[in-house]
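*Asks:* Dropping the sequence and predicted coords here.
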Amino acid sequence: MNFDVDVELALAGAGEELEMTRDRLIRLIVREWLEEYGFLPIHHLDEGSETEGSAEFH
């Protein structure tokens, strides 16, 4: 999927800063949007859990 140049540049910058591939970043953005608007249930991690900071979105 290709976006307008400004969106592609924003994705590239965010991906570099967050150390994420373009595809992974887009999946994360779409998932968070769908959760925010109630189309998907929100997934919460316990702040003290061993998985903190290692969540992987597929």
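*Replies:* Great, that's in hand.
*Asks:* Next, residue 41: phi, psi?
*Replies:* Torsion angles at residue 41 (phi, psi; degrees, to the nearest 10) stand at phi -70, psi 150.
*Asks:* what's the closest non-adjacent residue to it?
*Replies:* Setting aside the residues directly before and after it, residue 41 is nearest to residue 35 in space (CB to CB, 6 or more residues apart in numbering), at 7.2 Å. All C-beta spots, glycine's among them, are computed from the backbone N, C-alpha and C.
*Asks:* Show me which residues of the one helix or strand residue 14 maps to are buried.
*Replies:* Secondary-structure assignment from DSSP states H and E places residue 14 in helix 5-18. For helix 5-18, a neighbour-count test (16 or more other CB atoms under 10 Å) marks 11, 15 as buried.
*Asks:* any residues touching that helix, and which ones?
*Replies:* 2-3, 20-22, 24-26 (CB atoms under 8 Å, 6 or more residues apart in numbering).
*Asks:* Closest one of the residues you listed to residue 39?
*Replies:* Closest to residue 39 out of the contacts of helix 5-18 is residue 26 (16.2 Å), distances taken as CB to CB.
*Asks:* How many residues are close by that closest one?
*Replies:* Neighbour count of residue 26, defined by other CB atoms under 10 Å: 15.
*Asks:* dump the residue contacts of it.
*Replies:* By CB under 8 Å, 6+ apart, the contact set of residue 26 is 1, 11.
*Asks:* What's the mean pLDDT across the strand or helix carrying it?
*Replies:* Under the criterion of DSSP H and E, residue 26 resides in helix 22-36. For helix 22-36, mean pLDDT rounds to 97.
*Asks:* Roughly how far does residue 28 sit from residue 41?
*Replies:* Separation of residue 28 from residue 41 (CB to CB, to the nearest Å): 16 Å.
*Asks:* one step back: between the helix holding residue 14 and helix 22-36, what angle do the directions make?
*Replies:* Helix 5-18 and helix 22-36 are oriented at 100 degrees to each other (axes from the mean of the first three to the mean of the last three CA atoms, to 10 degrees).
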